Every structure is written in C-alpha cells, then in structure tokens.
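Novice: Pasting the sequence and the predicted coordinates here, then a few questions.
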Amino acid sequence: MLLQLAVPAISKEEQTTENHFPGTASALSGLKKAVYANVGSNILQVHLDRITNLGGEDVGSKSEVYAILEVEQDNWTVDHSFGEQTSKVVEDLNPVFNEDFEWLLPDLENMVLKVGVWDWDTGFDDKMGDAEIKLDDLKLSATPKEVQATVDHHVFGKDAVAYFTIAWRTPSSPTKPPTKPPTKPPTKPPTRPPTNRPTNPPTIYCHPDGYKCGHDKIGTGNDTFGECKTCCNEPDAKDEGAVTTDHYCKCLPAKVKCGSTLITNQFDRCDKCCNPGKDTDDGFTYDDHYCK
C-alpha cells in the first residue's frame, strides 16, 4: 500500500550570524523546544530511501544534500521533542540515502515526523525543503508502510518528494508454549527434576557511533536531549559552536566542525572524527577544520 502524506512546515527559517554547524537554522530554533524525558519502549523505525526533483541552491557548484529528521509530539501548550537525527551528505539533486533511523517512543499520539532537507555550505546551510508527517494518522504496525512526503512545491516541473518506509514495533515478551493435557491418566506419575528453560535476554537498543545525542548551551552543561545515555559507546565527542555545544556518540560524523585556530575559540578535536582525516576551510585570519 502506497500512502502519500505531506504537510509543508515553515517555508524558510531565519538565518543568524553565528558560526556554522550543520542544520544551523534548525538547531538554533530547537533551543526553544522542550524535550520529553519518558522515551518509552516502543520503536519507531524510519527508512529514508531517496528524495527526487530537488531544486539546486548553489550556483556554479554541486549541491551537498542531507536531511534532518525529528520526532515531535504536538501539544496545546509545549511541544515535546524526542530528538533529531541527521542523514549522510549526498552530492545529487536526486539523492539516494538508503538509511535507517529509530526512536524509542511511549506511543504515537500527536506524534509528528518533521523532515528538513538542507544543502551543506561553509558558513550557513541552505534550506531546500521540509514537510511534516502525522504518524498517528498512518495506522502503523510492525509491517513496514511506504510513505511519500512532498518537501518542496515547484511552480514549473515536478515537486520534490521524499520516499520513506515506516514501521511501529513493540518488543514482545517471551511466552510459554501451550501444555497439552494427557489423553490417559498415568498409573504412576513420573517424578522429573524441574527443567530450567533459558530465557532470551531483553533486546537493548542503542545509538550508533556518530549519532547526535544532545546539545547544550555553552557553559551551562545542561543536556537538552538526554539521549547520550543510550549510546552504544561512550558519548565523548563534542562540536563546540558559538551558541551551543553538540554531543555525539563516541565520534564526530562527516562535515562536523572539529577544530579552529580562532584565538577566542581555539580547539582541535579532529582526532575524534569517525573517519580519519579532515577538511580545512582557509580563512583570512584563522582556519576551521571539518571531519571528512
């Protein structure tokens, strides 16, 4: 079954004059949102397959496209965010991602999957499109469902569409097999020692290396996502920005700023990159370094 659902979000977010880090406008606006502490044990599985017919934002160069996915519960007063996840960067206006994302949620009531499509640039990223998918309207189950979301409407030509496969899973507890009653009563009931049946250990879900698990305002130390406790490995990688510090599970993913020679913000954490090596943005008075 193919279900097409698209609710366009805010058309273009305001850009600030702070230093660059991926999803600049989205990250700064996220500081206003409350974060839900009760993550629950149900699993929302989202597979981002591809996005088609994007409009190029860069003139004279290739567009480096990535997507930011966030699950949020829309309420009458304060919206609750369950965290955002970022895809890899693909240099194509019809990018194929083929990536899987998971969230631990209590239920799907008023839950919305927010999709933001960005063109990575040194300085500020360009927003290419967005959409909102109301999850509680999809009647999701453990069987994956194909969902389409229009992320950008074009006056001429085909609209830009993102293609997903979404499933909703509840971890099942072990059950005992039914006991069949004996057809004839035994003359002498045998005595057998009790059999200890092995039980399957509960499945533990954790975030992989390079997953953005939280961010806080510089100097406060207040983690606003609280997902760093569910990293598969120790969360010790940080991306220091002018407004916030982003936290990642174990290592820094590609395109994340890992160092700077700026006197007022000089640091070097490029040894924490998930991939070896770094790219350098040569400035007039200082250089910025980014993970490859």
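Specialist: Received, thanks.
Novice: List the buried residues of stretch 92-104.
Specialist: 93, 95, 97, 101-104 (16 or more other CB atoms under 10 Å). From N, CA and C alone the C-beta is placed, and that goes for glycine too.
Novice: Ignore what I typed, I meant stretch 76-92.
Specialist: Residues 79-90 are the ones in stretch 76-92 that count as buried (16+ other CB under 10 Å).
Novice: again with stretch 105-113
Specialist: For stretch 105-113, using 16+ other CB under 10 Å, the buried residues are 105, 108, 111-113.
Novice: again with stretch 136-147
Specialist: Buried residues in stretch 136-147 (16+ other CB under 10 Å): 138, 140, 144-145, 147.
Novice: what's the spacing between residue 247 and residue 121?
Specialist: Distance of residue 247 to residue 121, given as CB to CB, to the nearest Å: 23 Å.
Novice: more neighbours, the two?
Specialist: Neighbour comparison, residue 247 and residue 121: the larger count goes to residue 247, with 22 against 15 (by other CB atoms under 10 Å).
Novice: In which helix or strand does that one reside?
Specialist: According to DSSP states H and E, residue 247 maps onto strand 244-248.
Novice: ok, that strand: who's next to it in the sheet?
Specialist: Each strand paired with strand 244-248, and its direction, by DSSP bridges: strand 212-217 (antiparallel), strand 237-240 (antiparallel).
Novice: Rebuild those as TSV, extending it with mean neighbour count and mean pLDDT.
Specialist: Shown next, in TSV, are the strands paired with strand 244-248 (neighbours: other CB atoms under 10 Å; pLDDT from 0 to 100):
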stretch	mean neighbour count	mean pLDDT
strand 212-217	21	74
strand 237-240	21	69
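Novice: Residue 171 is nearest to which of those?
Specialist: For the strands paired with strand 244-248, proximity to residue 171 was assessed by CB to CB; strand 212-217 is nearest, at 21.3 Å.
Novice: What separation is there between the residue nearest to residue 46 when sequence neighbours are not counted and residue 216?
Specialist: In this structure, residue 46 finds its nearest non-sequential neighbour in residue 101, 4.7 Å apart by CB to CB, 6 or more residues apart in numbering. Separation of residue 101 from residue 216 (CB to CB): 22 Å.
Novice: swap in residue 49?
Specialist: Distance of residue 49 to residue 216, given as CB to CB: 33 Å.
Novice: do the same with residue 123
Specialist: For residue 123 relative to residue 216 (CB to CB), the value is 23 Å.
Novice: Same question for residue 85.
Specialist: 18 Å.
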